[in-house]
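Asks: just need the structure, nothing else, for what follows:
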Amino acid sequence: YLSFALRESENILYAGRTKTIKNSIDVTYTHFSELMYDTVNVEKSYNSQHTYDSEGIVDSSFMSSCRNCQNCFGGVNLRSANNIFFGEHLTKDEYKEKVGKLNLGNRSEVKKLREKFDDYSLKQIHRALELVNCTNCVGNYLINSKDCHYVFDGFELENARHSIWVFSSKDISDCYGLGGSNNAYETIGCEDVSNCYFDNIVEFSAYVFYSNLCTSSQNLFGCVGLKNKEYCILNKRYSKEEYLELVKKIKEDMDKNPYIDSRGIVYKYGEFFPSDLSPFSYNETVAQEFYPKSKEEIINLGYRFYEQGTKNYIPTIHIGDIPEDISSVKDGFTEEIIECKNKGAVETQCTSAFKIMPEELSFYRKQGIPIPEYCPNCRHYARLAKHLPPQIFNRTCAKCKKETLSAYSPDRLEIIYCQECYQQEVV
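Replies: Now for the predicted structure:
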């Protein structure tokens, strides 16, 4: 429900860019996990909340940059740890008693714990780049990859360049949202493709060019919505010989008579579709998430800006009236219209009001989670704030003082260690 860019996932709400995840809510870049809540950049974990940049986390909360931990609370840079509470090593019984005294279903208590965790995290060292089992890679949030250049949010990659949210692929460049593919260039939302170029949402196909919403096809050029087809141009079928000859002529004509957009940018063969042809405005796309801009900036750059219409919601639950504790929420709460605390903020595409789904309330009760004060869009942007943007900066390692590449901008307060110093410090 209200989840996007998913693969092999089920029973999830308000999720984005996930693979193989079940029974979870408010998760982003979370893979191979189950029973998760409020997580970002998490792998192979179970029954955990408020967890970020971690892998193999079980029955834990408020974790960051941890690996293979179970029954931990407030952990940063932990490895193969158990029964740790904000840096304090406890016995199993001590840990159970300490956590048992907390009421994680109470909003005020969770807020205090988050503030404590954020303050605690800021004082710990941070790895310059989140690269796990990677060789010859420049980028961030990469796992089990090699020979990647300026690639972000991916795993199981080889020879990839200038791409974001890609996985299990080889020999790719300038792709977004690509999985299980090889030899792909300038594609969006494609999966299980080979030798595909300048495509949008194409799957199980090969040798497809400038096409949209096609599946299980091969040798297409400029096609839309085709399935199980081959040798088609603008959705018309040709013989193999006719197809190859026509495609050659089309490419030549695209070079001789290129499309020139409203900003004067020239599009010859080899360029993705012009933004002029996009059905979406700038602030309706992930561009606004990665590179947020004001209305004035968007228009000055020559893009369209979507004006959010006036909402006619009449909230039945106003700010401050949401039950403080999940235990006091009645079944009929799913019929209420809740006012979002951000009250329509444009920066987060706030919906002004929201409702709680029945299955959502069931999850909150089972997991002991308080009802949120913010709409799904605002919560999504709050999670994105914990995900570093796809940029690389020059930084100085706080330990060895050598120059290093980092995803943390120079104006941030985190203590940055280069890869070598971080690995020496965190075993």
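Asks: can you give me the helices for the stretch 301-427 of the chain?
Replies: 358-367, 376-384, 419-425 (DSSP state H, counting those that start in this stretch).
Asks: deepest of those, which one?
Replies: Using mean count of other CB atoms under 10 Å, the stretch among the helices of the stretch 301-427 of the chain with the largest mean neighbour count is helix 376-384, at a mean of 20. Quick note: C-beta positions are derived from backbone N, CA and C, even for glycine.
Asks: hey, C-alpha coordinates of that helix in PDB?
Replies: The C-alpha trace of helix 376-384 is given here as PDB (Å, rounded to 0.1, in the frame of the first residue of the first chain):
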ATOM      1  CA  PRO A 376       3.300   9.000   4.800                       C
ATOM      2  CA  ASN A 377       4.900  11.600   2.500                       C
ATOM      3  CA  CYS A 378       6.400  13.500   5.400                       C
ATOM      4  CA  ARG A 379       7.600  10.300   7.000                       C
ATOM      5  CA  HIS A 380       9.200   9.300   3.700                       C
ATOM      6  CA  TYR A 381      11.100  12.500   3.500                       C
ATOM      7  CA  ALA A 382      12.200  12.100   7.100                       C
ATOM      8  CA  ARG A 383      13.700   8.700   6.200                       C
ATOM      9  CA  LEU A 384      15.400  10.200   3.100                       C
END
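Asks: for stretch 237-249, buried residues please.
Replies: For stretch 237-249, the neighbour count (16 or more other CB atoms under 10 Å) marks Y238, Y243, L246, V247 as buried.
Asks: who's in contact with the second one?
Replies: Pointing back at Y243 there. Going by CB atoms under 8 Å, 6 or more residues apart in numbering, Y243 touches N219, F221, Y231, C232, I233.
Asks: quick one: it from R379, how far?
Replies: 48 Å (CB to CB, to the nearest Å).
Asks: now swap in T18 and tell me
Replies: From T18 across to R379, the span is 15 Å (CB to CB).
Asks: ditto for R237
Replies: 47 Å.
Asks: same question for G320.
Replies: Counting by CB to CB - G320 and R379 are separated by 18 Å.
Asks: again with Q49
Replies: 13 Å.
Asks: wait, which of the helices of the stretch 301-427 of the chain is closest to S194?
Replies: helix 376-384 (31.7 Å; CB to CB).
Asks: how big is the angle separating that closest one from helix 358-367?
Replies: Orientation check (axes from the mean of the first three to the mean of the last three CA atoms, to 10 degrees): helix 376-384 against helix 358-367 gives 50 degrees.
Asks: tell me what helix 376-384 is packed against?
Replies: Secondary-structure packing of helix 376-384 (3 or more CB pairs under 8 Å, 6 or more residues apart in numbering; DSSP states H and E): strand 10-43.
Asks: before we move on, back to that, what's the closest of the buried residues of stretch 237-249 to F155?
Replies: V247 (34.4 Å).
Asks: surely the closest one is in contact with C232?
Replies: No. Using CB atoms under 8 Å, V247 is not in contact with C232; the gap is 10.6 Å.
Asks: if I look at those two, which residues touch both of them?
Replies: Jointly contacting V247 and C232 under the rule CB under 8 Å, 6+ apart are F221.
Asks: quick revisit: turn the helices of the stretch 301-427 of the chain into TSV, including mean pLDDT and distance to A206.
Replies: Below are the helices of the stretch 301-427 of the chain laid out as TSV (pLDDT from 0 to 100; distance: least, CB to CB, whole Å):
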stretch	mean pLDDT	distance to A206
helix 358-367	97	39
helix 376-384	95	34
helix 419-425	94	38
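Asks: save those as JSON lines, and put in distance to L142 too.
Replies: Converted to JSON lines, the helices of the stretch 301-427 of the chain look like this (distance: least, CB to CB, whole Å):
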{"stretch": "helix 358-367", "distance to L142": "30"}
{"stretch": "helix 376-384", "distance to L142": "18"}
{"stretch": "helix 419-425", "distance to L142": "12"}
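Asks: what's the closest of the buried residues of stretch 237-249 to K293?
Replies: For the buried residues of stretch 237-249, the nearest to K293 is V247 (37.4 Å; CB to CB).
Asks: tell me who's in contact with that closest one.
Replies: When contacts are counted by CB under 8 Å, 6+ apart, V247 touches F209, F221, I233.
Asks: tell me, how many residues neighbour the last one?
Replies: What that stands for is I233. With neighbours defined by other CB atoms under 10 Å, the count for I233 comes to 19.
Asks: bridged to it, which residues?
Replies: F221, K236 (DSSP bridges).
Asks: count of residues packed around N394?
Replies: 9.
Asks: without its sequence neighbours, what residue ends up closest to it?
Replies: Leaving aside its sequence neighbours, N394 sits nearest to E403 (CB to CB, 6 or more residues apart in numbering; 6.0 Å).
Asks: count the residues that sit near the one you found.
Replies: Using other CB under 10 Å, E403 is surrounded by 11 other residues.
Asks: i'd like the first residue to be 380 from this point on
Replies: Got it, first residue is 380 now, which makes that one E782.
Asks: doesn't C575 make contact with Y589?
Replies: No. The criterion here is CB under 8 Å, and Y589 misses it with C575 at 10.0 Å.
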